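# need a 3D model of the following:
(2 chains)
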Amino acid sequence: QKEVEQDPGPLSVPEGAIVSLNCTYSNSAFQYFMWYRQYSRKGPELLMYTYSSGNKEDGRFTAQVDKSSKYISLFIRDSQPSDSATYLCALRRGGSNYKLTFGKGTLLTVNP
Amino acid sequence: ETGVTQSPTHLIKTRGQQVTLRCSSQSGHNTVSWYQQALGQGPQFIFQYYREEENGRGNFPPRFSGLQFPNYSSELNVNALELDDSALYLCASSSGGDETQYFGPGTRLLVL
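Numbers count the residues shown, from 1 in each chain, chains lettered A, B, ... in the order given. Predicted structure coming up:
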């Protein structure tokens, strides 16, 4: 079993839709949870960073962490064609090891 | 955009050759991590350098090696290139004690 599972999609939605992206993980040692957006042929760009269980909102983006279920989500409201990209979840253990463990990424296309 | 830069942007090598990739970290950051991203996959952690010392390594063979310089820039060296080394190589910089990693645009390596 992989440490982090993410449905690779692809996911295609109409403009204005609410998008839900998810990852599950198996190791309870993960304490930090991130979502990165990666456009084609570019490096990942940090979107959201959370530490504890609960919700964190930033504009149209909401990150949700449920440590008891080992489940993290990213919601995108009022999706735009410019949101079309691959979305990667990334998890990190506590302590001085800054290694990020990534999901496979979900390819999202928002159609005008 | 982050302040992380990488060179070269693209590289073509043949099997058995050696390659050096370079990364300049964001100003004020003393930690550099390297990741390999194969097509359709999430980034995989190679190793991390903190203040010129290796601070963790992923499941990569010894032919993957690195350096960090006093100005915190970094190099990734890969010897005896194999076809499976074809990937996007990403570096990410962070500040010690700050969990946020900022990625560069990557170097795309093709091994023929």
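# partner strands of the host helix or strand of A:Val13 and their direction?
For A:Val13, the element it lies in under DSSP states H and E is strand A:11-14. Strand A:11-14 has its sheet partners listed here by DSSP bridges as strand A:106-111 (parallel).
# ok, residues contacting the strand holding A:Val13?
Here strand A:11-14 makes contact (C-beta atoms under 8 Å, 6 or more residues apart in numbering or on different chains) with A:Val19, A:Leu21, A:Ser79, A:Thr106, A:Leu107, A:Leu108, A:Thr109, A:Val110, A:Asn111. Placement of C-beta: from N, CA and C, glycine included.
# just after the helix-or-strand element of chain B with minimal mean pLDDT, pick out the following helix or strand.
Lowest by mean pLDDT, DSSP states H and E among the helices and strands of chain B is strand B:53-57, with a mean of 90. Later in the chain than strand B:53-57, the nearest helix or strand by DSSP H and E is strand B:64-68.
# re earlier: pull out the buried positions in the strand holding A:Val13.
A:Leu11, A:Val13 (16 or more other C-beta atoms under 10 Å in any protein chain shown).
# and the residue lying closest to B:Gln26 once chain neighbours are set aside, how many neighbours?
Distances taken as C-beta to C-beta, 6 or more residues apart in numbering or on different chains place B:Gly3 nearest to B:Gln26, at 3.8 Å, with adjacent residues excluded. Using other C-beta atoms under 10 Å in any protein chain shown, B:Gly3 has 13 neighbouring residues.
# quick check: B:Gly3 touching B:Ser27?
Yes: look at B:Gly3 against B:Ser27 with C-beta atoms under 8 Å: they come within range, at 5.8 Å.
# okay, now stretch A:91-107: how far is its last residue from its first?
End-to-end distance for stretch A:91-107: 19 Å, by C-alpha to C-alpha, to the nearest Å.
# how about the residues of chain B that lie near chain A?
B:2, B:4, B:31, B:33, B:35, B:40-45, B:48, B:55-56, B:58, B:90, B:92, B:94, B:99-106, B:108 (C-beta under 8 Å from any C-beta of the partner chain).
# point out where chain A drops to low pLDDT.
A:96-97 (pLDDT under 70).
# write out the residues of it neighbouring chain B.
Counting by C-beta under 8 Å from any C-beta, chain A sits next to chain B at A:4, A:6, A:8, A:32, A:34, A:36, A:41-46, A:49, A:88, A:90, A:92, A:96-105.
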